[in-house]
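Trainee: Here is a sequence together with a model predicted from it:
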Amino acid sequence: MSILSYHLLNIGSKFGRLLPAQPCLLCGALSRDGLCCKACDDELPRLSAAHCPSCALPTPTGEVCGRCLQHPPAFDHAVAAFSYSFPIDQLIKALKFHELLILIDFLADELASRITIKPDCLIAIPLHPTRLRERGFNQSQLLAARISKRLGIPLLTEACQRVRDTPPQSSLPWKERDKNMRGAFSLSSSADIADKHVAIVDDVMTTGASLGELARTLKKAGAREVSVWVVARTMPHQDAN
């Protein structure tokens with residue numbers, strides 16, 4: 001390491017000590033490391049083990065899992081930053097249902113750091129207008145906007161609409177979720193995705209029914225390739241209630 005590098009690290013360390021300490025979002029201890037103290041951050045359930053490239057579920061050596069071989073999903077690739085387990089599950093619920101929007105940048109940056117292949121554009125899973133009015137924001141759209149800015153990938157904000165106000169997926173048995181999402185999305189006539197690689201951004205993937213339905217809609221409109229990017233992936237025997 002050069003003398004200049006040491007000097008810059010020293011400046012950064014001193015600057016960090018000048019910043020006001022704030023309570024860690026998870027344990028409450030005072031920290032200058034961001035939303036979470038280093039100890040809590042190190043314990044977050046990041047998906048670092050080998051996983052299926054199609055659905056992001058764990059596999060022994062990173063091969064395509066048996067389920068995806070037998071029933072390939074409508075999307076081509078999946079990227080997830082975390083497993084949907086404590087405390088990430090509670091943070092995502094706090095974001096969605098208690099408007100803890102301070103989490104957007106943190107979660108989006110974690111997901112952006114996992115991206116190795118850039119698509120042509122991004123699309124966020126849309127909320128139905130009724131649900132959007134109730135919640136006041138679409139967390140997937142906010143995550144996608146942050147990722148778009150970080151990675152320099154265009155975000156198509158008006159390309160996709162949710163045309164059916166379906167019951168929440170978490171309220172349904174797994175076997176009913178695909179049926180619940182059929183025909184839920186439509187694309188605007190101005191959406192230019194022909195022969196493009198599109199990445200769909202969402203907060204959580206459980207069965208993949210919502211993401212799969214949107215991927216099918218995009219491919220029918222001419223998308224060459226569809227990836228799904230999610231903050232958290234539900235593991236087997238879990239549910240994103």
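Mentor: Here it is on my side, so go on.

Trainee: only C-alpha atoms for contact and neighbour calcs from this point on.
Mentor: Noted.

Trainee: contacting residues around stretch 87-98?
Mentor: Residues outside stretch 87-98 that contact it (C-alpha atoms under 8 Å, 6 or more residues apart in numbering): 26, 44-45, 82, 100-101, 103-104, 135, 139, 203, 232, 240.

Trainee: no, scratch that, I was asking about stretch 227-237
Mentor: 56-57, 75-85, 88, 107-108, 110-111, 197-206, 211, 240.

Trainee: again, only this time at 6 Å
Mentor: For stretch 227-237, contacts defined as C-alpha atoms under 6 Å, 6 or more residues apart in numbering pick out 75-84, 111, 199-206.

Trainee: Identify those among the residues you listed that sit within strands.
Mentor: If you go by DSSP state E, the contacts of stretch 227-237 have 77-83, 199-205 in strands.

Trainee: Stretch 60-79 - what's its average pLDDT?
Mentor: Per-residue pLDDT values across stretch 60-79 average out to 96.

Trainee: ok now it, how far from the chain's centre?
Mentor: Using C-alpha atoms, centre = their mean, to the nearest Å, the mean C-alpha position of stretch 60-79 is found 18 Å from that of the whole chain.

Trainee: and the angle from the host helix or strand of Lys93 to strand 77-83?
Mentor: Take DSSP states H and E as the rule and Lys93 turns out to sit in helix 88-98. Interaxial angle, helix 88-98 versus strand 77-83 (axes from the mean of the first three to the mean of the last three C-alpha atoms, to 10 degrees): 100 degrees.

Trainee: List the buried residues for helix 88-98?
Mentor: Buried residues in helix 88-98, defined by neighbour count with 16 or more other C-alpha atoms under 10 Å: Ile88, Asp89, Leu91, Ile92, Leu95, Lys96.

Trainee: I'd like the distance from His128 to Val163, if you could.
Mentor: Separation of His128 from Val163 (C-alpha to C-alpha, to the nearest Å): 6 Å.

Trainee: Neighbours of the nearest residue to Glu110 once chain neighbours are set aside, how many?
Mentor: Counting by C-alpha to C-alpha, 6 or more residues apart in numbering, Glu110 lies nearest to Ala81, which is 6.2 Å off, once chain neighbours are set aside. Per other C-alpha atoms under 10 Å, the neighbour tally for Ala81 reads 24.

Trainee: And Asp203, by the same measure?
Mentor: 24.

Trainee: circling back to that earlier point, quick check, the residue nearest to Glu110 in contact with Ala112.
Mentor: No. Applying C-alpha atoms under 6 Å, one finds Ala81 not in contact with Ala112, separated by 8.5 Å.

Trainee: quick check: domain ranges of this structure?
Mentor: Here the domain parsing of the chain from automatic domain parsing is 1-43, 46-233.

Trainee: Out of the ones you listed, indicate the one that is most buried.
Mentor: Of all those, domain 46-233 has the most neighbours on average by mean count of other C-alpha atoms under 10 Å, namely a mean of 18.

Trainee: ok, which stretches of the protein are helices?
Mentor: 3-18, 38-42, 66-70, 88-98, 103-112, 129-135, 139-151, 174-181, 209-220 (DSSP state H).
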